[in-house]
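Student: Build me a model:
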Amino acid sequence: MCRFRMILILSVIAAGMLLSDEAIAEPIRSGKGWAIHAQREPEDWTKLVAGGNLIAKKLVRTEAAPNDHNTGSELLHLTDGVLAGAEGRMWSDKRAMGRAYQPYVRLKFDLGKSERVGQVVMRLQVISKDSTLPGTITDGTPLTNFKCSHEKLKVCGMGLNGEQAVLVSNYQGVPRGTSVTIQSSAASGTPVWDLHTNRQVGTTQPDGSFNVVLDEFAAHLYYLGKKHASAISP
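Tutor: Numbering: from 1, shown residues only. Okay, the predicted model is just below:
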């Protein structure tokens, strides 16, 4: 496994805010709905996030924990929009967040309410100029056929090759501990993984439904599938 240090600076841009062609260089790698670009100048980042950042000062949760001693661990630095690193060198800056020898990094953040998101911008830096992590970004198809047993909850998700990410949002004060049933299009017997606890919490019924219990998180993400289970289970 390659060694890398990276910093993540996130910006979630409101729907309708589109990046101009002049703001970024030609992509190093791209796919449907995503692209990796080289940052030429510090001003490039300013152009990218012009128009506001929906995630500024919002709580971020991360797995695995930062493990590089030359960089920092303050999660709020990920979303404050301030670039780390004198002359672009982030690997010795405590405003950066570094990881080495990690097979994956998972980030979770809560906007606090339902928002229309236009784009997600992430800044990365690695030691080797020949490495352009991440190698790929998966962008699934929006799913709209969910049903929920509680009318105050909102359920949405993305699907890719039979795998599903399901987000259950509770912004109307449904009490913690409430058990609800989510109706999905997943096949019977599909494992249901809680991405906050990294544990399997059940399997889907013959009709694609599964049960969850609300907790302290206003937005809770579940993974329905088997392909990526090894990266989830503790």
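Student: Count the residues that sit near Arg99.
Tutor: A count of nearby residues for Arg99, using other CB atoms under 10 Å, gives 20. Every C-beta, even on glycine, is put in place using the N, C-alpha and C of the backbone.
Student: Tell me which residues of stretch 215-234 come out buried.
Tutor: Within stretch 215-234, the residues that count as buried by 16 or more other CB atoms under 10 Å are 218-225, 232.
Student: Among those, which one sits closest to Arg106?
Tutor: Closest approach to Arg106 among those (CB to CB): Ile232, at 8.5 Å.
Student: residues in contact with that closest one?
Tutor: Residues in contact with Ile232, defined by CB atoms under 8 Å, 6 or more residues apart in numbering, are 193, 195, 198, 223.
Student: I'd like these laid out as JSON lines, including secondary structure and pLDDT.
Tutor: Below are those laid out as JSON lines (DSSP: H, G, I helix; E, B strand; the rest coil; pLDDT from 0 to 100):
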{"residue": "Trp193", "secondary structure": "strand", "pLDDT": "94"}
{"residue": "Leu195", "secondary structure": "coil", "pLDDT": "86"}
{"residue": "Asn198", "secondary structure": "coil", "pLDDT": "85"}
{"residue": "Tyr223", "secondary structure": "strand", "pLDDT": "93"}
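Student: From the residues you listed, keep the buried residues only.
Tutor: 193, 195, 223.
Student: can you list the domains in this protein?
Tutor: Domains of the chain are assigned by automatic domain parsing as 9-123, 141-231.
Student: By mean pLDDT, show me the worst of those domains.
Tutor: Note on the domains of the chain: lowest mean pLDDT is at domain 9-123, with a mean of 69.
Student: Please enumerate the helices of this structure.
Tutor: Taking DSSP state H as the criterion, the chain carries its helices at 42-48.
Student: show me what contacts the residue of the chain positioned farthest from its centre?
Tutor: Largest separation from the mean C-alpha position in the chain: Pro206, at 29.6 Å (CA atoms, centre = their mean). For Pro206, the contacting residues are Ser188, by CB under 8 Å, 6+ apart.
Student: List just the nearest of the buried ones among the contacts of Ile232 to Gly162.
Tutor: Among the buried ones among the contacts of Ile232, and counting by CB to CB, the member closest to Gly162 is Tyr223, at 12.2 Å.
Student: what residues are up against the closest one?
Tutor: With CB under 8 Å, 6+ apart, Tyr223 has these contacts: 163-166, 192-193, 195, 232.
Student: Nearest residue to it in space, please, no chain neighbours.
Tutor: Distances taken as CB to CB, 6 or more residues apart in numbering put Trp193 closest to Tyr223, at 4.2 Å, once the chain neighbours are dropped.
Student: now the one you found: how far from Arg199?
Tutor: Trp193 sits at a distance of 7 Å from Arg199 (criterion: CB to CB, to the nearest Å).
Student: same deal with Ala56?
Tutor: Noted for Ala56: a distance of 31 Å to Arg199, by CB to CB.
Student: Those two: who's more crowded?
Tutor: Ala56 (14 against 11).
Student: gap between the more buried one and Ser179?
Tutor: In terms of CB to CB, Ala56 sits 34 Å off from Ser179.
Student: so what's Cys156 up against?
Tutor: 142-144, 146, 166-167, 169.
Student: of all those residues, which comes closest to Ile36?
Tutor: Taking these together and measuring to Ile36 by CB to CB, the closest member is Pro142, at 22.4 Å.
Student: Quick one: residues contacting the closest one.
Tutor: For Pro142, the contact set (CB under 8 Å, 6+ apart) comprises 156-158.
Student: got those as JSON lines, with distance to Leu48 columns?
Tutor: Output for those, formatted as JSON lines (distance: CB to CB, whole Å):
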{"residue": "Cys156", "distance to Leu48": "26"}
{"residue": "Gly157", "distance to Leu48": "27"}
{"residue": "Met158", "distance to Leu48": "23"}
